[in-house]
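S.K.: Turn this into a model:
(2 chains)
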Amino acid sequence: MNDNALSRRGFFGAVANAASIAPENLPVNTTSIDPNRVRQPRISALIDADGYTPTANFYRQQLRHVPQITPVFWTLRLYGLVDKPLALTHEDLLAMPTTTLPCTLACVGSSELNTLVGHALWGGVPVLRLLEQVGVKANARYAQFYAADGYTTFIETDQLDGALLAYQMNGERLPREHGYPARLIVPGLYGYKLPKWIQRIELTNTPQPGFWEERGWSASGALQTGSAILSPHHMESVSQMVLLSGVAYSGECTITAVEISVDDGPWMPVPITSSDPLSWSPWQIEWTAPAPGDYLIKVRASDSSGFTQAEHPPAFPNGPSAVPSIVVRVIA
Amino acid sequence: MGSTVNRLPLFQLSSLHIGYQGRALSAAPVYGAPRTGMAVRTLWPDSIVPITGIEQHWYRVPTGYVEREQVQPMKPYLPQQPIQLPNTPFWAEVSAPVAPVRQACAANAPLVTRIGHGGVARIVDYLPGEPNGWYGVGDEDDGLIGWSQALYWQPVESIAAEPGDHDLRMDRAAHRLTAWEKGDLILEAPFSAGQSLNAGSYSVTEQRPTIARLQIEGFGKALYGVPWVTDFGGYALTGAYWHNQFGKASPGPAIQVTPPLAEWLYGWLNESSQIRVV
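M.R.: From the prediction side, this is the model:
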């Protein structure tokens, strides 16, 4: 871990302390964070030449502390409605063939002023391979996850087809703050359904609501189609010719269109490259303001299901899908 | 009768498109040549594009050709410099491509409406601030409709209406109007009709710099700041900033012309003018 990562962790730690709790999402009742004070990273810091978010700049959210886990004392237990319960050591996990999965993660607490989205290449073991080893009983409908920090959540076993028990991130060992020694990655789900520091997986036919499910957030955690303006920043002073850039992302669908609106005017299509459901769609477009002044910039994304982001849908309980907007001040 | 008009010389009316700017009314495709299939780029909605020529239904722009219906010709836009605290109320027209009007003095305040280039409003209040303050946009009774950034507007100078033997003739079939001065034809221009007109001879009954808010059945959202209104025979002749499809029927007020032409007619027509609809 480099110094930059440490300093960012310190930054987010300060934010987390201010909020008392800061898991994969921000609770609906969190009031102690002033989003205007959260500085967005530049898009170049969030997307490298290969389209991935550098690990040091990937957003981090956790419920409490970052557990300090010593790998030789760590085991992953799979039990419950299975034929052969399994206890997997760290060495056992690393000895299994590594599968890689490019996947975009988004926090259900992401907002237009505090974008918590990232895209990484995850490496690990397909969860299905582990389930095959233990032999899941026919009546097991849910996988209940227990993490070292006390966080819990559950996922329907049907949703685990493409899931990965990840121990690598962007080709390197999974950092502690991202879930070392192992975390769950499931394409199309919000971060709060992807626990870090996993210790136990229980197969069950009756799910126990986890930390955020108990507080009313969606049990499915399906990622809503969303978009973000990453550059310029809200209330940033810019010249008349501006490069607008950001990302759009979806869960199980592909992004089919990204559009920009200036001052609530007609929508302007933004060229995008074809995307797949696992990856976000970075976008950028030049805009020339007709004159100095304050301008309202909005972005919206559409996906292959026909869904288009709307202005004011509630973020609770299914996650944010509202059209994000910023104001830029064009100066002569 | 109207008494405030900023007269536009006739030579500007006839050559307004050439060497001037246009406002893209929507995300308008630009083609390498007229009627070719692939767009080479797309104009931003409400962006300013130089118009360098006309070829039938197309404007020539620096990067190609764009359909004339997609672009509103506009006067050169020179954003208003920092202004002295103005005395309100006064009349102003939209000099920018568009002037959003919002519920409060902030660019991200809820939108009330967007008044396009050439729209006119009664400015009833002023709030200093960066970059150069906000105008309070009012209605006919000087009530506040909303707030708009001052640099998008230019105050309208007032001059007296022009007396004389000035008559207007409207051809419903051709959607063209002709202006006659002492029997001489001085101007011919297309108009759009928002409703069916009855043939007849009418007198000007009233002139207003603007209709602050106009809700037309079947049009959808209300129109604000509809400029340079001349009423006759129960009909309204106005400027239209929301399209450039003059020469055929178009939703909106009864008779729609370009805002500069409506402004010119506003000052040119007088109480003795006859408007003949044929």
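
S.K.: List the buried residues for the longest helix anywhere in chain B?
M.R.: The longest helix of chain B (DSSP state H) is helix B:259-268. Of the residues in helix B:259-268, those buried under the neighbour-count criterion (16 or more other CB atoms under 10 Å in any protein chain shown) are B:259-268. The way it works is simple: take the backbone N, C-alpha and C, and place the C-beta from them, glycine included.

S.K.: Where does the prediction get shaky in the stretch 101-250 of chain B?
M.R.: Judged by pLDDT under 70, the stretch 101-250 of chain B has its weakly predicted residues at B:158-160.

S.K.: Write out the residues of it neighbouring chain A.
M.R.: Contact residues of the stretch 101-250 of chain B with respect to chain A, defined by CB under 8 Å from any CB of the partner chain, are listed as B:106-108, B:111, B:114, B:130-131, B:149, B:151-152.

S.K.: Which ones among those lie within strands?
M.R.: Of the positions in these, B:111, B:114, B:149 sit in strands, assigned by DSSP state E.

S.K.: Now, of those, which are buried?
M.R.: Neighbour-count burial within those applies to B:114, B:149; the criterion is 16+ other CB under 10 Å.

S.K.: out of the ones in strands among the residues of the stretch 101-250 of chain B next to chain A, who's nearest B:D171?
M.R.: Proximity of these to B:D171 (CB to CB) peaks at B:R114, which lies at 32.4 Å.

S.K.: contacting residues around that closest one?
M.R.: Residues near B:R114 by CB atoms under 8 Å, 6 or more residues apart in numbering or on different chains: A:263-265, B:98-101.

S.K.: Restricted to strands, list those residues.
M.R.: Those of the contacts of B:R114 mapping onto strands are B:98-101, per DSSP E.

S.K.: Throw those residues into TSV and include neighbour count and distance to A:P175, thanks.
M.R.: Formatted as TSV, the entries for the ones in strands among the contacts of B:R114 read as follows, by neighbours: other CB atoms under 10 Å in any protein chain shown; distance: CB to CB, whole Å:
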residue	neighbour count	distance to A:P175
B:V98	23	48
B:A99	27	50
B:P100	25	45
B:V101	24	50
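
S.K.: what's the closest of those to A:T152?
M.R.: For those, the minimum distance to A:T152 (CB to CB) is 47.8 Å, reached by B:P100.

S.K.: so what's A:P67 closest to, chain neighbours aside?
M.R.: Distances taken as CB to CB, 6 or more residues apart in numbering or on different chains place A:A148 nearest to A:P67, at 4.0 Å, with adjacent residues excluded.

S.K.: how near is that neighbour to chain B?
M.R.: As judged by CB to the nearest CB, to the nearest Å, A:A148 and chain B stand 42 Å apart.

S.K.: Go ahead and confirm that residue touches A:H65.
M.R.: No - distance between A:A148 and A:H65: 9.8 Å, which falls outside the contact criterion (CB atoms under 8 Å).

S.K.: Which residues are in contact with A:H65?
M.R.: Applying CB under 8 Å, 6+ apart, we find A:H65 in contact with A:D149.

S.K.: how much space is there between it and chain B?
M.R.: 37 Å.

S.K.: For the contacts of B:R114, work out which two are farthest apart.
M.R.: Pairwise across the contacts of B:R114, and taking CB to CB, the largest span is found between A:G265 and B:V101, at 12.9 Å.
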